[in-house]
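Visitor: structure of the sequence below:
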Amino acid sequence: MKKQTILRITRWTILLSILVLTTVMGRMHQIIKLYPPIDAFCPFGGLESLWALFRYQILLKKIAWSSLILLFTSIGTALLFRRSFCGNICPLGFLQELFGLAGNRLLKKRFQLSGRLDQILRYLKYVVLVVFLALAWKTLSLAISPFDPWVAFHHIGSDDLFTKNLIGAIILFSSLGLGIFIDRPFCRYLCPMGGFLGIVSKIGFVRIKRNKESCIDCGLCDQKCPAALDISHSIETKSVECLSCSECINACPVENTLYYSTPSKKNKPLKTAILLLGTLLIFVSVIAITSATKQFVWKTDTGLESRVERLLYGPHKIQNDNQVVDIVQIYQIHPLFLKDKFNLESDDDFYKSFNELEIAVSEVQELIHTVYEEAGLDPTQLLGGGGCGGGDH
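Guide: Numbers count the residues shown, from 1 in each chain. Modelled structure (predicted):
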């Protein structure tokens with residue numbers, strides 16, 4: 001297997017893993033609010049929250065320190081490897097690539113807008129960037145949220161998808177549909193984070209260079225570029241649209257004709273694997289360190305023991321090791337009612353497991369469901385969960 005093929009498979013494996021992880025995290029929030037909303041894992045949310053942080057020392061609603069951590073990590077990688085976040089980390093970008101791959105297989109070609117129209121539309125993402133940052137900083141809210149296709153993606157299956165997130169859903173499905181014909185349409189024309197990182201990448205450390213002498217003018221680099229850049233006629237790719245995805249380099253049939261270069265006088269090529277794995281290592285290291293120091297939040301710390309905390313997911317999580325006192329604490333059912341129902345002889349029995357009391361777990365689950373149904377409540381939505389639009393997402 002060629003080295004370029006291995007690198008492409010590695011990149012796609014990384015992107016697929018990130019897409020799966022973020023999708024799971026978004027779904028977990030829909031099920032139970034112990035898990036943060038997907039906004040807490042979005043670097044643009046951190047950018048929206050900057051003014052509130054500097055001016056009022058607060059974070060916007062739904063934003064966590066993880067958003068800021070991802071924002072500054074993205075900026076750091078942009079200073080080193082330009083828009084490598086967009087090309088090698090961003091799950092929404094990869095989702096569009098998947099539809100692009102399907103379109104390429106189906107149609108056997110990619111379509112491009114006319115040069116002038118394409119250039120004009122690419123400026124839209126900077127307009128989106130300025131407008132929504134201004135709105136977020138003025139209103140101290142996530143102004144882009146109702147229009148965000150990534151937020152809409154995580155509300156698929158929710159009642160909110162075609163209500164609160166209707167415009168975001170339209171943008172999402174339009175982007176994926178257009179992605180069958182045009183590579184990464186949302187990234188090219190509307191993504192404010194891409195626009196911001198493009199500005200930062202102007203002073204990025206690496207550039208893609210082309211060796212004119214060894215180039216055979218096959219045009220494969222242009223065909224594979226998801227940003228539709230004219231790489232085959234450039235000695236150095238300086239465009240802020242470059243995603244540092246390495247697709248052009250990996251497609252080139254002549255070794256070292258296309259390569260990443262650094263500002264050093266020796267002009268020594270930077271290996272593609274270093275940029276790809278370096279980007280991943282930076283993100284993994286930062287997230288690992290901040291997770292260990294509890295700054296990067298994956299789940300709300302309830303302070304409850306694990307056997308008690310799991311009951312927040314619903315009565316189906318009750319097991320033999322749970323105690324009657326756990327039921328009182330989580331489901332707010334009166335102790336005297338439970339004492340009568342389970343024929344408890346003393347207060348000490350509240351602190352014995354159901355296994356010790358020889359009480360069937362199914363009996364406890366049925367009792368809780370009955371009590372909640374009579375009260376018109378759902379015991380699986382204690383924290384606004386349920387995954388079907390319950391509560392504020």
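Visitor: residue 71 against residue 43, yeah?
Guide: Yes - using C-beta atoms under 8 Å, residue 71 makes contact with residue 43 at a distance of 4.1 Å. From N, CA and C alone the C-beta is placed, and that goes for glycine too.
Visitor: okay, and the common contacts of those two?
Guide: Residues touching both residue 71 and residue 43 (C-beta atoms under 8 Å, 6 or more residues apart in numbering): none.
Visitor: can you pull out the low-pLDDT segments for the chain?
Guide: The chain contains residues with pLDDT under 70 at 1, 265-267, 384-393.
Visitor: same thing but at 80, please
Guide: Applying pLDDT under 80 to the chain flags the ranges 1, 263-268, 381-393.
Visitor: which residue of it lies farthest from its centroid?
Guide: What lies farthest from the middle of the chain is residue 345; by C-alpha atoms, centre = their mean that is 51.8 Å.
Visitor: can you pull the phi/psi pair for it?
Guide: phi -90, psi -30 (degrees, to the nearest 10).
Visitor: separation between it and residue 339?
Guide: Using C-beta to C-beta, to the nearest Å, residue 345 is found at 9 Å from residue 339.
Visitor: for residue 162, same thing?
Guide: Distance from residue 162 to residue 339, by C-beta to C-beta: 47 Å.
Visitor: what about the two, which has more around it?
Guide: residue 339 (16 against 12; other C-beta atoms under 10 Å).
Visitor: now for that one: which residues touch it?
Guide: 349-350.
Visitor: SS state for it?
Guide: helix (DSSP: H, G, I helix; E, B strand; the rest coil).
Visitor: now stretch 56-64: buried residues?
Guide: Residues 59-60, 62-64 are the ones in stretch 56-64 that count as buried (16 or more other C-beta atoms under 10 Å).
Visitor: ugh, typo on my part, it should be stretch 90-106
Guide: 90-97, 99-100, 103.
Visitor: nearest to residue 26 among the buried residues of stretch 56-64?
Guide: residue 62 (12.3 Å; C-beta to C-beta).
Visitor: got phi/psi on the spatially closest residue to the closest one that is not a sequence neighbour?
Guide: Distance criterion C-beta to C-beta, 6 or more residues apart in numbering; nearest residue to residue 62, sequence neighbours excluded, is residue 39 at 4.2 Å. Dihedral angles of residue 39 (phi, psi; degrees, to the nearest 10) stand at phi -60, psi -30.
Visitor: and residue 39, how many neighbours?
Guide: Count around residue 39 with other C-beta under 10 Å applied: 28.
Visitor: could you pull out the strands for the stretch 151-300 of the chain?
Guide: 207-210, 236-237, 258-261, 269-270 (DSSP state E, counting those that start in this stretch).
Visitor: can I get stretch 347-362 in PDB? Just the C-alpha atoms.
Guide: This file holds the C-alpha atoms of stretch 347-362, laid out as PDB (Å, rounded to 0.1, in the frame of the first residue of the first chain):
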ATOM      1  CA  ASP A 347     -35.200   3.000  59.400                       C
ATOM      2  CA  ASP A 348     -32.100   0.900  59.000                       C
ATOM      3  CA  ASP A 349     -33.800  -1.000  56.200                       C
ATOM      4  CA  PHE A 350     -33.700   2.200  54.100                       C
ATOM      5  CA  TYR A 351     -29.900   1.700  53.900                       C
ATOM      6  CA  LYS A 352     -30.000  -1.900  52.900                       C
ATOM      7  CA  SER A 353     -29.800  -3.000  49.200                       C
ATOM      8  CA  PHE A 354     -32.800  -4.500  47.500                       C
ATOM      9  CA  ASN A 355     -30.900  -7.700  47.300                       C
ATOM     10  CA  GLU A 356     -30.600  -7.700  51.100                       C
ATOM     11  CA  LEU A 357     -34.200  -6.900  51.500                       C
ATOM     12  CA  GLU A 358     -35.200  -9.500  49.000                       C
ATOM     13  CA  ILE A 359     -37.200  -7.000  47.000                       C
ATOM     14  CA  ALA A 360     -37.500  -7.600  43.300                       C
ATOM     15  CA  VAL A 361     -36.100  -4.700  41.200                       C
ATOM     16  CA  SER A 362     -39.000  -5.000  38.700                       C
END
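Visitor: give the buried residues for that stretch.
Guide: So for stretch 347-362, counting by 16+ other C-beta under 10 Å, buried means 349-350, 352, 354, 357, 359, 361.
Visitor: quick one: contacts for residue 230?
Guide: Neighbours of residue 230 in contact, by C-beta under 8 Å, 6+ apart: residue 222.
Visitor: at 10 Å what do you get?
Guide: 115, 219, 221-222, 237, 239 (C-beta atoms under 10 Å, 6 or more residues apart in numbering).
Visitor: repeat for residue 182
Guide: Contacts of residue 182 by C-beta under 10 Å, 6+ apart are 96, 100, 103, 110-113, 118, 175, 188-189, 226, 228.
Visitor: do the same with residue 185
Guide: 96, 99-100, 113, 121, 171, 174-179, 191.
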